[in-house]
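*Asks:* build me a structure from this.
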Amino acid sequence: IFCFPSSQKSFYDASYEPLREDQMNKFMSLDTSETSKTSKLSFKENVVMVAASGKILKKRRLSLNQFITDDDLEAIANNTEEEIIKPRSAHYSFQSNVKYNFMRVIHQECILNDALNQSIIRDMSGPYLTATTLNNLEEAVKFDMVAYVSEEDSQLPVTLRISKTQLFVSAQNEDEPVLLKEMPETPKIIKDETNLLFFWEKHGSMDYFKSVAHPKLFIATKQEKLVHMASGPPSITDFQILEK
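*Replies:* Numbering: from 1, shown residues only. Alright, predicted model coming up:
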């Protein structure tokens with residue numbers, strides 16, 4: 001039995017000598033260069049176990065920048081079910097091949113209040129948002145939440161668009177204010193503009209918006225600071241969605 005990456009066509013472009021009998025039913029790593037004990041898989045691919053007859057016995061998905069060792073191969077052999085290894089160090093830019101397709105609008109003209117009961121409003125200093133306590137909720141920004149779907153994610157990615165505009169909330173780096181980015185229309189497919197997407201999570205009565213482009217960061221508020229991206233306290237990442 002030998003293993004090889006099934007998704008890389010380049011491996012098949014090289015010619016190999018037929019396997020000798022003493023190589024049958026052993027773990028092999030096929031590469032055009034010298035085989036070492038640890039082989040690096042440079043991007044997402046499936047590793048399959050194939051018998052000498054060509055029958056695929058087991059399959060395992062490996063992800064970006066991971067190393068596969070002889071111990072990993074043994075684990076595949078001894079595991080009766082397919083095992084998914086999640087990415088450890090993959091940067092979001094490598095995931096740009098993922099397509100997010102428009103599904104439907106799930107909230108219209110809703111208001112976002114944080115855990116301190118502050119409402120999100122426009123900041124007049126630029127394309128930013130801020131949070132403040134309002135006596136009249138009509139002054140709060142109204143958002144339309146649009147759901148998208150992809151083949152890669154089990155979570156629900158959404159966009160937040162200011163109602164009756166084409167201004168979308170766009171995630172930035174940690175501690176940087178979110179931006180309001182104007183789009184010509186609501187995107188039907190999002191591939192490169194993943195800053196516009198947030199995984200919507202609901203825990204109890206609270207809602208959270210985790211950036212697709214920066215998976216450790218959430219939309220957050222903080223007193224005397226613009227709405228920004230943060231991983232957690234002292235920033236507030238808890239929100240409540242108030243329907244119109």
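*Asks:* domain assignment for the protein?
*Replies:* Structural domains assigned to the chain are 2-90, 100-242, following automatic domain parsing.
*Asks:* weakest of those by average pLDDT?
*Replies:* Taking each of the domains of the chain in turn, the one with the lowest mean pLDDT is domain 2-90, at a mean of 45.
*Asks:* mind checking how far Lys202 is from Tyr208?
*Replies:* For Lys202, the distance to Tyr208 equals 8 Å [C-beta to C-beta, to the nearest Å]. C-beta coordinates here come from the backbone N, C-alpha and C atoms, glycine included.
*Asks:* again with Asp144
*Replies:* In this structure, Asp144 and Tyr208 are 18 Å apart, going by C-beta to C-beta.
*Asks:* straight-line length of stretch 160-176, end to end?
*Replies:* Distances were taken as C-alpha to C-alpha, to the nearest Å; on that basis the terminal residues of stretch 160-176 are 18 Å apart.
*Asks:* who touches that stretch?
*Replies:* 108-109, 127, 129, 141-146, 159, 178-186, 195-196, 198, 209, 211-214, 217, 219, 228-231 (C-beta atoms under 8 Å, 6 or more residues apart in numbering).
*Asks:* mind redoing it with 7 Å?
*Replies:* Stretch 160-176 is contacted from outside by 108-109, 141-146, 159, 178-186, 195-196, 198, 211, 213-214, 217, 228-231, using C-beta atoms under 7 Å, 6 or more residues apart in numbering.
*Asks:* then stretch 227-239?
*Replies:* Everything outside stretch 227-239 that qualifies as a contact, by C-beta under 7 Å, 6+ apart, is 112-116, 120, 129-131, 171-178, 206-208, 211, 214, 216-222.
*Asks:* then that stretch to CSV, C-alphas only?
*Replies:* Provided in CSV are the C-alpha atoms of stretch 227-239 (Å, rounded to 0.1, in the frame of the first residue of the first chain):
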residue,chain,number,x,y,z
VAL,A,227,-16.4,50.0,15.7
HIS,A,228,-13.4,47.9,15.0
MET,A,229,-12.1,44.3,14.8
ALA,A,230,-11.0,42.6,18.0
SER,A,231,-10.5,39.1,19.3
GLY,A,232,-12.3,39.8,22.6
PRO,A,233,-12.1,41.8,25.8
PRO,A,234,-11.6,44.6,26.6
SER,A,235,-13.5,45.2,23.4
ILE,A,236,-17.2,44.1,23.3
THR,A,237,-18.0,41.5,20.7
ASP,A,238,-21.5,40.7,21.9
PHE,A,239,-24.5,42.1,20.0
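*Asks:* buried sites along it?
*Replies:* Within stretch 227-239, the residues that qualify as buried are 227-230, 235-239, counting by 16 or more other C-beta atoms under 10 Å.
*Asks:* for stretch 195-213, same thing?
*Replies:* Of the residues in stretch 195-213, those buried by neighbour count under the rule 16+ other C-beta under 10 Å are 195-200, 207-213.
*Asks:* please name the nearest non-neighbouring residue to Ala213.
*Replies:* In space, and not counting its chain neighbours, Ala213 is closest to Thr194: 4.3 Å by C-beta to C-beta, 6 or more residues apart in numbering.
*Asks:* ramachandran angles for that neighbour?
*Replies:* phi -70, psi -10 (degrees, to the nearest 10).
*Asks:* that one and Val212 touch, don't they?
*Replies:* Yes. Under the contact definition of C-beta atoms under 7 Å, Thr194 touches Val212, with a separation of 4.7 Å.
*Asks:* over to the closest residue to Val105 other than its chain neighbours: give its phi and psi.
*Replies:* By the measure of C-beta to C-beta, 6+ apart, the closest residue to Val105 outside its immediate chain neighbours is Val146, 5.3 Å from it. Backbone dihedrals for Val146, given as degrees, to the nearest 10, come out at phi -110, psi 130.
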